[in-house]
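>>> Mind folding the following:
(chains A and B)
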Amino acid sequence: MVAVRYQTAFRLYPYEKSVDQEAARPVRHPVVIVGGGPVGMALALDLGKRGIACLVLDDHDGVGMGSRAICFAKRTLEICDRLGCGDAMMNKGVVWNTGRVYRDVREVYSFDLLPEGGHRRPAFINLQQPYFEQFLVAEIRRQQAAGAPIEIRGQNSVTGVGQQADHVVLHVDTPDGPYRVEADYLVACDGANSPIRTMMGLDFEGRVFEDNFLIADIRMMADFPVERRFWFDPPFNRGETALLHKQPDDVWRLDFQLGWNIDRKAELAPERIRDRVSAMIGAGVDFELVWTSIYTFRCCTMETYRHGRVLFAGDSAHQVSPFGARGANGGIQDADNLGWKLAAVLKGEAPAALLDSYHSERKQAALENIKNSARSADFLTPRNPAHALFRDAVLDLVEHFDFARPMVNSGRLSVPCIYDGSPLNGPDALGGGPARSRPGAPCSDAPVRDGFLLDRLTGRFAVLAINAAVPESLSIEGQPLDVIPLSAEDDATGALAHRYLGEAPCAVYLIRPDQHVVGRWPAFDPARIETAFSQATGKV
Amino acid sequence: MMTDLILAPNLDNTDDFYAALLAAHNGLSEGESHALNARLVLILANHIGDEGVLTQALDAAVKARSGPGQGAD
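Coordinates of the predicted model:
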């Protein structure tokens, strides 16, 4: 029996009996991914494109109902571009750049997300999570047709996990009964309540925030502008906050802070919700409730994201408050970080110890995300009278003085972590090089002739040379690297020079498969590149 | 070079400032006084604009709470 935990929006991978279920002894797979959400599917796609066979086990047969995550950040879109589904996300998504903050009925300030020019992708798009997942699966289907060794099994529920010296055994339940399967590596992408984590008896520590939020996604034909609107103490939700945000298909996300002591059932009654919505958008406006939910949140993380041959990614490893859109976006970056490392280990190109850097880098990122989203939550949900006093003081001040604007915290929006201090980082030998492109940093996009720089970083290690001589092709330890010889004149806007040269006249960068910088030098030196490459693949 | 928080007398006319501070609180309820102080702290913090100095100021304010003879050291 496989329990149904939620309704599906799209049925994408109906149960089919696998030959594994009839096998005399458990069949071994290089990678088994448990959980077919955004993180699991992004990882499967990355691994499959690298030729690594992977099996996704999902206890449902499609994408869960409900908008859930709706804000996808530039870094996520760049990762999707590399995976082949960035255009699908962009074509459906709603681009927004303006945020407005209100107190009571007064607008206290507005902000532009300041997407500097010269990036292929905008700072954010809004897109319902089911679409995001659907586009990932559609790309997996295209890759499968082209021969990528990815398999998705729906209604396959993991009921037990056992780690052996050289593999992991999984007990799986299906509509046809149980079977076992083995994996060289298991990646648990099974969400904040991760059954794998529970089965392994692992910790998940952090803070619970004493607050409830009501989400009402509504469909309406309204001419509200496409921007994020945030209210403190509005007349329609006195003493609390509220949020209005546009999604595709004429759907709007309304989010009402409710406080801690509420009657959950009463608040979820459709009539009660409809009254709240009407008070917010105006009594005369027609709308339809698409999805409603009350959520509470916590900020938690596991101590360690790698346990031998079992790795945890996305919400199973760490959970953040929703303010700042750091949940799904952080999870996609987990997949981006893990994909190339797991592939290198399985191909024998890197030692298994490389996987420890997945933990150290992504834990660093998770702590950054937790810190930022917890601070937003503290601003929105003051925990004692003194916290409320300062929050209100900031809101009083911001109506008069610009200096207080940065103190208003309605969410610090997701940006990728710079892996300062990572053991994979090589030297920063480029005098005058811009800080934003230092070792550990994700590469900033920049215009290059009639395209963009990130489109040239295809998922292999790469050497980027600007105004510097490099060989036409390059291999290290038998692995070909992408060589990208550019001149600062390839970008007339100057963004390429600003982002990669700074004050240096020329530069050579070694860049990882996940587009993070390994090291940088003023000129090409094969010995230094090789040493940095060894370090970045966990060999030093 | 970290700037040290000034803990020696630094106001030209201490009594004038102190009187102005009291005057600003005249007629306010306790809650209004707290709110005024909070706004004042944020305005001054922004003016100072030096994280090191602000950290020292926070430490000094916390320490001075413990009573006579145990003030800022």
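>>> and the gap between the residue most central in space within chain B and A:Phe390?
Nearest to the mean C-alpha position of chain B, counting by CA atoms, centre = their mean, stands B:Val41 at 7.0 Å. Using CB to CB, to the nearest Å, we find B:Val41 at a distance of 8 Å from A:Phe390. The C-beta positions use only the backbone N, C-alpha and C, and glycine is treated the same way.
>>> Can you tell me the centre-most residue of chain A?
A:Asn329 (2.1 Å).
>>> gap between that residue and A:Ile70?
Relative to A:Ile70, and taking CB to CB, A:Asn329 is found at 11 Å.
>>> Is it correct that A:Arg520 is in contact with A:Gly502?
No - using CB atoms under 8 Å, A:Arg520 is not in contact with A:Gly502, being 10.3 Å away.
>>> shared neighbours of the two, which are they?
Counting by CB atoms under 8 Å, 6 or more residues apart in numbering or on different chains, the residues touching both A:Arg520 and A:Gly502 are A:Leu430, A:Gly433.
>>> Could you identify the longest helix within the chain?
You didn't pick a chain, so chain A it is. Identified as the longest helix of chain A according to DSSP state H is helix A:354-380.
>>> wrong chain, I was asking about chain B
Chain B, longest helix under DSSP H: helix B:30-48.
>>> in that helix, what's buried?
B:His34, B:Ala35, B:Leu36, B:Ala38, B:Arg39, B:Leu42, B:Ala45 (16 or more other CB atoms under 10 Å in any protein chain shown).
>>> Which of the residues you listed sits closest to chain A?
B:Ala38 (3.6 Å; CB to the nearest CB).
>>> mind listing what the residue lying closest to the closest one once chain neighbours are set aside touches?
Excluding its sequence neighbours, the residue lying closest to B:Ala38 (CB to CB, 6 or more residues apart in numbering or on different chains) is A:Ala393, at 3.6 Å. A:Ala393 is in contact with B:Ala35, B:Ala38, B:Arg39, B:Val41, B:Leu42, counting by CB under 8 Å, 6+ apart.
>>> Could you rerun that using 10 Å?
Neighbour list for A:Ala393: A:Ala404, A:Met407, B:His34, B:Ala35, B:Leu36, B:Asn37, B:Ala38, B:Arg39, B:Leu40, B:Val41, B:Leu42, B:Ile43 [criterion: CB atoms under 10 Å, 6 or more residues apart in numbering or on different chains].
>>> how would you label it: helix, strand or coil?
helix (DSSP: H, G, I helix; E, B strand; the rest coil).
>>> Helices along chain B, start to end?
B:14-25, B:30-48, B:51-63.
>>> anything in the last one near chain A?
Translated: helix B:51-63. No - using CB under 10 Å from any CB of the partner chain, helix B:51-63 stays clear of chain A, with a minimum separation of 13.0 Å.
>>> buried ones in that helix?
Buried, per 16+ other CB under 10 Å, within helix B:51-63: B:Val53, B:Leu54, B:Gln56, B:Ala57.
>>> any idea how far A:Ala365 is from A:Gly308?
22 Å.
>>> likewise A:Val508?
With CB to CB as the criterion, A:Val508 and A:Gly308 are 37 Å apart.
>>> for A:Arg11, same thing?
35 Å.
>>> and what of A:Val398?
Here A:Val398 is placed at a distance of 50 Å from A:Gly308 (CB to CB).
>>> got it, and A:Phe132?
With CB to CB as the criterion, A:Phe132 and A:Gly308 are 31 Å apart.
>>> Give me the more crowded residue out of these two.
A:Phe132 (28 against 13; other CB atoms under 10 Å in any protein chain shown).
>>> Neighbours of A:Ala386, how many?
Count around A:Ala386 with other CB under 10 Å applied: 11.
>>> Next secondary structure after the helix or strand containing it?
Mapping A:Ala386 onto the secondary structure by DSSP states H and E places it in helix A:385-398. Tracing the chain past helix A:385-398, the next element assigned as helix or strand by DSSP H and E is strand A:447-448.
>>> So what touches that following strand?
Against strand A:447-448 from outside (CB under 10 Å, 6+ apart): A:117-120, A:453-456, A:484, A:486-487, A:490-496.
>>> residue ranges with poor pLDDT in chain B?
Applying pLDDT under 70 to chain B flags residues B:66-73.
>>> which residue packs closest to A:Pro122, ignoring adjacent ones?
A:Val95 (4.8 Å).
>>> How about A:Ile79?
In space, A:Ile79 is closest to A:Asp336, 4.8 Å off (CB to CB, 6+ apart).
>>> before we move on, back to that, do you know which of the helices of chain B lies nearest A:Phe236?
With CB to CB as the criterion, A:Phe236 lies closest to helix B:30-48 of the helices of chain B, at 24.6 Å.
>>> Show me what the closest one is packed up against.
Contact here means 3 or more CB pairs under 10 Å, 6 or more residues apart in numbering or on different chains; DSSP states H and E; on that basis helix B:30-48 packs against helix A:385-398, helix B:14-25, helix B:51-63.
>>> The shortest one close to chain A?
Going back to what we said before, that points to helix B:14-25. No - for helix B:14-25, no contact with chain A is found by CB under 10 Å from any CB; the gap never falls below 14.4 Å.
>>> With only the CA atoms kept, save that helix in PDB.
Taking Å, rounded to 0.1, in the frame of the first residue of the first chain, the C-alpha atoms of helix B:14-25 are listed here in PDB:
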ATOM      1  CA  THR B  14      26.200  68.500  29.000                       C
ATOM      2  CA  ASP B  15      23.500  70.200  31.000                       C
ATOM      3  CA  ASP B  16      21.900  71.700  27.900                       C
ATOM      4  CA  PHE B  17      21.800  68.300  26.100                       C
ATOM      5  CA  TYR B  18      20.400  66.600  29.200                       C
ATOM      6  CA  ALA B  19      17.700  69.300  29.600                       C
ATOM      7  CA  ALA B  20      16.800  68.900  26.000                       C
ATOM      8  CA  LEU B  21      16.500  65.200  26.400                       C
ATOM      9  CA  LEU B  22      14.100  65.600  29.400                       C
ATOM     10  CA  ALA B  23      12.100  68.200  27.500                       C
ATOM     11  CA  ALA B  24      11.600  65.900  24.600                       C
ATOM     12  CA  HIS B  25      10.000  63.400  27.000                       C
END
